[in-house]
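Visitor: 3D model of this:
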Amino acid sequence: MVLLPILLEAAVVIALAGVVALAGRFLDFKGVTAAVFVGYVIYVLGGRIHFLLLLVFFVVAGFTTRYRYREKYGEFGRGVRTWTNVLSNGSAAALLAAAGYFLDNPSSSFVMFVGAISSVFADTMSTEIGLLSKKPPRMITTLKTASPGTPGAVSLLGLLAGLLTGLIVAFSVFLYDVFFGTSWGVYATAAVCVFSGFTGSLFDSVVGGLFQSRYRCSVCGRAVEVKKHCGKETEYVSGNRYVNNDLVNLLASFYGAFAAYSLWAYLY
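Guide: Residues are numbered from 1 along each chain as shown. This is a model prediction of the structure:
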């Protein structure tokens, strides 16, 4: 049974996070609205540990995106993240939190939730850190060199970032366990986070490299994943026009959930 205190607590915490996201231009207004909805579902139906992992993802990824922003995205930038980006990264996690509550199966749903978060988190960090690589990335499907920002292009720096991201999620679970006395096994949780995160980022790259639509900015000339960049419409280059970055992220989050559950079932 959901009690009034947790409803009020969630409302206050998420409202504060929404104000920070809007003020810091991490999200636009519609993006904040979507984030508030997703966060509220996760906080109330999942619990504090679920929301903590979501918050860690949001904060770390947000600041990593802002780090050396112009160097990565040019003078005009990529624009503020929108509601579609929020839903593509958070929908699977919200559904899993709700499933754990209504189906009364918290252990399995939490493991899958961790996998979903780890996957999109690792993919985001791989992209943001990988764009700073001094060496050109290579397509994961052909190993040919590609322009930074091309869907399916990976770099050693980006791969390492995706690998280490799982440890951030695992450490967050560990800290929660220390302060609140939960029973998640530290080593098994770390293995699940790293495995689902790293392979989830690889899954995203493979699907992106094979199917995702690719564009080029007519202003800065960069390879991009969006239809608008530098305030102008981008030029379609290749890929399936109906498979965009948001859809690939959504698929990767579900893959992460499946990978996490599979490894957890094997370990236990």
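Visitor: all contacts plus neighbour counts: C-alpha atoms, from now on.
Guide: Fine.
Visitor: Using the three-state scheme, assign residue 147.
Guide: Classification of residue 147 using DSSP: H, G, I helix; E, B strand; the rest coil returns coil.
Visitor: and it, what are its phi and psi?
Guide: Backbone torsions for residue 147, taken as degrees, to the nearest 10, come to phi -80, psi 140.
Visitor: Tell me which residues touch it, please.
Guide: Residues near residue 147 by CA atoms under 8 Å, 6 or more residues apart in numbering: 136, 137, 153, 222, 223.
Visitor: got the contact list for the closest residue to residue 150 other than its chain neighbours?
Guide: Nearest residue to residue 150, sequence neighbours excluded (CA to CA, 6 or more residues apart in numbering): residue 223, at 5.5 Å. Counting by CA under 8 Å, 6+ apart, residue 223 touches 147, 148, 149, 150, 214, 215, 216, 217.
Visitor: mind listing what residue 86 touches?
Guide: Residues near residue 86 by CA under 8 Å, 6+ apart: 31, 34, 35.
Visitor: Apart from its neighbours in sequence, what residue is nearest the second one?
Guide: Nearest in space to residue 34, with sequence neighbours left out and distances taken as CA to CA, 6+ apart, is residue 83 at 5.5 Å.
Visitor: Go ahead and confirm the one you found touches residue 31.
Guide: Yes. At 3.7 Å, residue 83 counts as touching residue 31 under the criterion of CA atoms under 8 Å.
Visitor: And those two? Which one has more around it.
Guide: Taking other CA atoms under 10 Å, residue 83 and residue 31 do not tie; residue 31 has more neighbours (22 against 17).
Visitor: OK, contacts around that one?
Guide: By CA under 8 Å, 6+ apart, residue 31 lies in contact with 81, 82, 83, 84, 85, 86.
Visitor: Between the contacts of residue 147, identify the one with the most neighbours.
Guide: When neighbours are counted by other CA under 10 Å, residue 153 leads the contacts of residue 147 with 26 neighbours.
Visitor: Please name the bridge partners of that one.
Guide: residue 139 (DSSP bridges).
Visitor: list the contacts for it?
Guide: Neighbour list for residue 153: 137, 138, 139, 140, 145, 146, 147, 205, 209 [criterion: CA under 8 Å, 6+ apart].
Visitor: From residue 195, how far out is the third one?
Guide: What it means is residue 139. Distance from residue 139 to residue 195, counting by CA to CA, to the nearest Å: 21 Å.
Visitor: cool, residue 157 as well?
Guide: Counting by CA to CA, the separation of residue 157 from residue 195 is 18 Å.
Visitor: So for those two, which residue has more residues nearby?
Guide: Using other CA under 10 Å, the more surrounded residue of residue 157 and residue 195 is residue 195, with 22 against 19.
Visitor: which parts of the helix or strand residue 92 falls within are buried?
Guide: Counting by DSSP states H and E, the element that carries residue 92 is helix 83-102. Residues of helix 83-102 classed as buried: 83, 85-101 (neighbour count, 16 or more other CA atoms under 10 Å).
Visitor: just stretch 37-48 next, same as before
Guide: 38, 39, 40, 41, 42, 43, 44, 45, 46, 47.
Visitor: which residues in the stretch 51-200 of the chain form helices?
Guide: Assigned by DSSP state H, counting those that start in this stretch, the helices in the stretch 51-200 of the chain fall at 69-73, 83-102, 106-130, 156-180, 186-211.
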